[in-house]
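In: Structure here, sequence nowhere to be found:
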């Protein structure tokens, strides 16, 4: 099925370890986003990419890096994980040509940092 | 900085009742507003999108309204069903090429059979 695919779905890390969350969309969307969701705080934007080859910081970028590998893929990297990064991470994409702002979300990646 | 607030945080109603979920935002210079549904352990599903020039949008039993000047939106659910139980999130879209969304923290709705 067409949509946004995130891997892994679950991950447990120790403090200081690194990891990369992968995201791929097959809808030919230009814009892609990484959000984190914490209890009682809604979703907060970490990084976004308005088009292939560009990335920009969102509201909470500290401790993260991103790569827009190509039009389909947008990865999020934690270089040195901290307990404060325990969260559920969502990738999303949007088609710019329509002028609309309807985002398609992945199913989420639940990360626990011990 | 845009801030989005949803009250109440949780709501429980009997099946069949009509209900209203509220969303307020601090900066009225928005591009659009979107309502999402999130089921436990799942991603977000877009329900309704209202452009800044529109007053309301309808889809089936759902009706969303937008009052930019007062910084408010409501999601009306008619004849609620147990299958409507989920968390409903409001998100405000900014202008600009990436049209980032600012989310509220959601209202957790439980519809009792």
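Out: Great, that's in hand. Keep in mind the model is a prediction, meaning the values are calculated, not measured.

In: Tell me how far stretch A:106-113 lies from the chain's centre.
Out: In terms of Cα atoms, centre = their mean, to the nearest Å, the centre of stretch A:106-113 is found 10 Å from the chain centre.

In: And chain B, is it touching that?
Out: Yes: remark: stretch A:106-113 sits within contact range of chain B at A:106-108, by Cβ under 8 Å from any Cβ of the partner chain. C-betas here are computed from N, CA, C, even on glycine.

In: who's in contact with that stretch?
Out: For stretch A:106-113, contacts defined as Cβ atoms under 8 Å, 6 or more residues apart in numbering or on different chains pick out A:3-15, A:19, A:21, A:23, A:37, A:78, A:81-92, B:41-43.

In: pLDDT of that stretch, averaged?
Out: Averaging pLDDT along stretch A:106-113 yields 95.

In: Around residue B:105, how many other residues sit close by?
Out: 20 (other Cβ atoms under 10 Å in any protein chain shown).

In: mind listing what the nearest residue to it once chain neighbours are set aside touches?
Out: Distance criterion Cβ to Cβ, 6 or more residues apart in numbering or on different chains; nearest residue to residue B:105, sequence neighbours excluded, is residue A:42 at 4.1 Å. By Cβ under 8 Å, 6+ apart, residue A:42 lies in contact with B:4, B:89, B:103-106.

In: Tell me which two of those residues sit farthest apart.
Out: Using Cβ to Cβ, the contacts of residue A:42 span at most 10.1 Å, a distance reached by B:4 and B:106.

In: show me where the chain has strands.
Out: Looking at chain A here, since you left the chain open. A:4-7, A:10-13, A:19-25, A:31-37, A:43-49, A:56-57, A:64-68, A:74-78, A:87-94, A:104-105, A:109-113 (DSSP state E).

In: meant chain B, my bad for not saying
Out: For chain B, applying DSSP E gives strands covering B:4-7, B:10-14, B:19-25, B:32-38, B:44-51, B:56-59, B:62-67, B:72-77, B:86-93, B:101-103, B:107-112.

In: Quick check: bridge partners of residue A:12?
Out: Note on residue A:12: beta-bridge partners residue A:112, judged by DSSP bridges.
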